[in-house]
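**Student:** need coordinates for the below:
(one chain, ligands or ions: 2)
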Amino acid sequence: MRSLFAGAIAWAVLAQAAPSYAQQQGPNPLPPGEGRDIVAVACTQCHGPNAFTQLREGPDAWRFQVYDMILRGAQVQPSELEPAVNYLATNFGPGINVPPTTVQVSLPDGPGKDLVEQRCVLCHGLDRATSAKRAPAEWDGILRRMVFLGAPVSADEVKTITTYLGANFGAKQAMK
Ligand code: HEC
Ligand code: HEC
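**Tutor:** Ligands and ions are numbered 1, 2, ... in the order given. Okay, here's the model as predicted:
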């Protein structure tokens with residue numbers, strides 16, 4: 001009990017003395033640019049920048065993320081909101097310095113293959129897309145989410161891709 005208590009005090013002292021996550025991480029992963037200072041401060045109080053620098057999303061999805069973080073307690077002033085969103089969308093948008101993936105995926109032939117190869121690698125590796133079989137309804141939901149996140153895919157292309165993925169990476173029923 002005693003040592004637990006001492007541990008708790010040590011932890012509290014450590015927590016107070018600890019530098020922010022941003023300072024702990026060696027080379028700063030936040031590229032220069034307008035809005036950087038806002039993000040560098042407001043977005044590193046609870047987790048490191050890696051929580052978001054590995055993601056690639058369009059402006060609407062980044063705005064949604066920032067609002068979500070404000071609900072969790074992030075200190076972003078109203079006037080800082082759009083600069084922060086612009087900074088994130090500019091530096092961590094689809095197709096921008098996409099984190100490399102080591103897993104190579106070769107897709108089966110068929111209509112939709114080219115679309116998947118071109119559009120589904122803009123934010124993450126293809127392996128992310130093909131790692132699991134999913135029921136058609138699930139693919140539909142995922143495609144909608146990818147479009148919300150900023151995937152440049154038209155409504156017709158969504159159908160083609162969903163059909164292709166359902167045929168080649170389809171499960172008979174949703175896995176729970
Ligand atoms: C007050 C604490 C706090 C601050 C400040 C904060 N976050 Fe977060 N963030 C969290 C928590 C908690 C999670 C984990 C949420 C979860 O796993 O459900 C998280 C997770 C995330 C994720 C991962 C979400 C996902 O879908 O996997 C992103 C992206 C993110 N934060 C971005 C940001 C950005 C951008 C900022 C600055 C505007 C920010 N965070 C500031 C608390 C914070
Ligand atoms: C604009 C960026 C972006 C593009 C383009 C994109 N994705 Fe994603 N994808 C994400 C993000 C961010 C995540 C992780 C967050 C999430 O799962 O909501 C993700 C996760 C996934 C997952 C895992 C979901 C899960 O529930 O485990 C699958 C599958 C996926 N994407 C498929 C695709 C397919 C197929 C395409 C091509 C049509 C695609 N993605 C294009 C951003 C993108």
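
**Student:** how about the residue nearest the centre of the chain: what's its closest non-neighbour residue?
**Tutor:** Computing the C-alpha centroid of the chain and ranking residues by CA atoms, centre = their mean puts residue 55 first, at 3.0 Å. For residue 55, the nearest residue in space outside its immediate sequence neighbours is residue 92; the separation is 6.2 Å by CB to CB, 6 or more residues apart in numbering. For the C-beta atoms, the positions are set from N, CA and C on the backbone; glycine is no exception.

**Student:** what residues does the chain have near ligand 2?
**Tutor:** When proximity is defined as CB under 6 Å from any ligand atom, the chain approaches ligand 2 at 55-58, 94, 116, 119-120, 122-124, 128-129, 142-143, 145-146, 149-151, 153, 161.

**Student:** could you flag which of the residues you listed are buried?
**Tutor:** Under a neighbour-count criterion of 16 or more other CB atoms under 10 Å, the subset of the residues of the chain next to ligand 2 counted as buried comprises 55-58, 94, 116, 119-120, 122-124, 129, 143, 146, 149-151, 153, 161.

**Student:** the residue nearest to the centre of the chain and ligand 1, how far apart?
**Tutor:** Here the distance between residue 55 and ligand 1 works out to 5 Å (CB to the nearest ligand atom, to the nearest Å).

**Student:** same thing with residue 90?
**Tutor:** When CB to the nearest ligand atom is applied, the distance between residue 90 and ligand 1 equals 13 Å.

**Student:** any idea how the chain splits into domains?
**Tutor:** Annotated domains of the chain cover 17-92, 113-169 [automatic domain parsing].

**Student:** now the ones you listed in CSV, with mean pLDDT?
**Tutor:** Shown next, in CSV, are these (pLDDT from 0 to 100):
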stretch, mean pLDDT
domain 17-92, 89
domain 113-169, 95
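
**Student:** of all those, which one is nearest residue 104?
**Tutor:** domain 113-169 (8.1 Å; CB to CB).
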